[in-house]
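Asks: fold the following.
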Amino acid sequence: MEKVLLIEGMVCGNCVKHVHKALTGLEGVQEAVVELESKTAKVCLDSSVSDDTLKAAVEDAGYTLVSIQETA
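Replies: Next up is the predicted model:
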């Protein structure tokens, strides 16, 4: 399963690293690609990872999760 997260508050490369670490540290997340320019994170994950878990990881890292979209 792949989801795209729209994240506000990322302004530099260190922000990208923080979000990447927060997401890849979650059990069930296989891969995360965080892009500063689009302010998104594309995550490949097990179906066992809830949207609430993703939101909590992003917010615990100090950023705001605006939306989550599941991709086909």
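Asks: per-residue pLDDT of A57, please?
Replies: On the pLDDT scale, A57 is placed at 97.
Asks: can you name the residues that contact it?
Replies: Counting by C-beta atoms under 8 Å, 6 or more residues apart in numbering, A57 touches A22, L23, G25, L26. All C-beta atoms are positioned from the backbone trio N, CA, C, and that covers glycine.
Asks: what's the ChimeraX line that selects buried ones from those residues?
Replies: Buried members of these, identified by 16 or more other C-beta atoms under 10 Å, are gathered into one ChimeraX selection as follows:
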select :22,23,26
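Asks: from the contacts of A57, pick the one nearest L5.
Replies: Proximity of the contacts of A57 to L5, judged by C-beta to C-beta, is greatest for L23, which lies at 8.0 Å.
Asks: so how far is E70 from the residue nearest to that closest one when sequence neighbours are not counted?
Replies: Once flanking residues are discounted, L23 sits nearest to A32: 4.1 Å by C-beta to C-beta, 6 or more residues apart in numbering. Look at A32 and E70: by C-beta to C-beta, to the nearest Å, they are 15 Å apart.
Asks: before we move on, the earlier item: show me the contacts of A57 that map onto strands.
Replies: Secondary structure from DSSP state E places none of these in strands.
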